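[1] Sequence first, predicted model second:
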Amino acid sequence: DAGVTQSPTHLIKTRGQQVTLRCSPKSGHDTVSWYQQALGQGPQFIFQYYEEEERQRGNFPDRFSGHQFPNYSSELNVNALLLGDSALYLCASSLGLNSNQPQHFGDGTRLSIL
Amino acid sequence: RKEVEQDPGPFNVPEGATVAFNCTYSNSASQSFFWYRQDCRKEPKLLMSVYSSGNEDGRFTAQLNRASQYISLLIRDSKLSDSATYLCVNHLSGGYNKLIFGAGTRLAVHP
């Protein structure tokens, strides 16, 4: 039973560049959420995808965008990278939108901006 | 005010000690809560769900006080392997399924 998988594991970019991070949800899950975790902080909700649509968004600028594919996998895109975008980006999956079941997290992508 | 606030860490305790973490939340309509554990440079992993009646899982006990908007996690007989950051999480739902994390409390258990 495959858990949540993310790629790449690590990434180094420079300011102004663009990046795409990928996530495959746990088998049987259809909802994908993305979180940003800066050093020393808890994860912050970026947005959530269900049925290929963005259903909820946190307090992040439009430079952060995403997509969900028919197979439930998802991408997070960040444009015009800033130094402050350096963080661990976590993908979490769950089943359905109105569920009290906990979300399952992938290992994350560690993004460093130089 | 932050949506979820936790005790500042770190907590440094000897093996065998009992340690308690506290957490408060601001959204009185919140229905469910979790404690997640996060090891250094790893992903958060679910430790326990938190129920109104309180729940226990081995050495771990979680309690919820809705009147005070307060959540706690008690760890008894601490082990070296309990060293980690403990994240208090508010689960918001209703057409979406969103987790609001506290900043975490770091626990270091020493021999």
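    Structure's in. What do you need?
[2] Up against chain A, what does chain B have?
    Applying C-beta under 8 Å from any C-beta of the partner chain, we find that chain B lies next to chain A at B:4, B:31-32, B:34, B:41-46, B:49, B:87, B:91, B:93-104. The C-beta positions use only the backbone N, C-alpha and C, and glycine is treated the same way.
[3] contacting residues around residue A:78?
    A:18-19, A:21, A:63-65, A:85, A:111 (C-beta atoms under 8 Å, 6 or more residues apart in numbering or on different chains).
[4] buried subset of the residues of chain B next to chain A?
    B:4, B:32, B:34, B:43-44, B:49, B:87, B:91, B:96-104 (16 or more other C-beta atoms under 10 Å in any protein chain shown).
[5] Dig out what residue A:53 forms beta bridges with.
    Note on residue A:53: beta-bridge partners residue A:50, judged by DSSP bridges.
[6] low pLDDT regions in chain A?
    Low-confidence segments of chain A (pLDDT under 70): A:1.
[7] Show me where it has its strands.
    For chain A, strands defined by DSSP state E occupy the ranges A:5-7, A:10-13, A:19-24, A:31-37, A:44-50, A:53-57, A:64-68, A:74-78, A:87-94, A:104-105, A:109-113.
[8] and those as JSON lines, adding distance to residue B:111?
    Compiled in JSON lines, these are given as follows (distance: least, C-beta to C-beta, whole Å):
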{"stretch": "strand A:5-7", "distance to residue B:111": "35"}
{"stretch": "strand A:10-13", "distance to residue B:111": "33"}
{"stretch": "strand A:19-24", "distance to residue B:111": "39"}
{"stretch": "strand A:31-37", "distance to residue B:111": "30"}
{"stretch": "strand A:44-50", "distance to residue B:111": "35"}
{"stretch": "strand A:53-57", "distance to residue B:111": "45"}
{"stretch": "strand A:64-68", "distance to residue B:111": "44"}
{"stretch": "strand A:74-78", "distance to residue B:111": "41"}
{"stretch": "strand A:87-94", "distance to residue B:111": "30"}
{"stretch": "strand A:104-105", "distance to residue B:111": "30"}
{"stretch": "strand A:109-113", "distance to residue B:111": "31"}
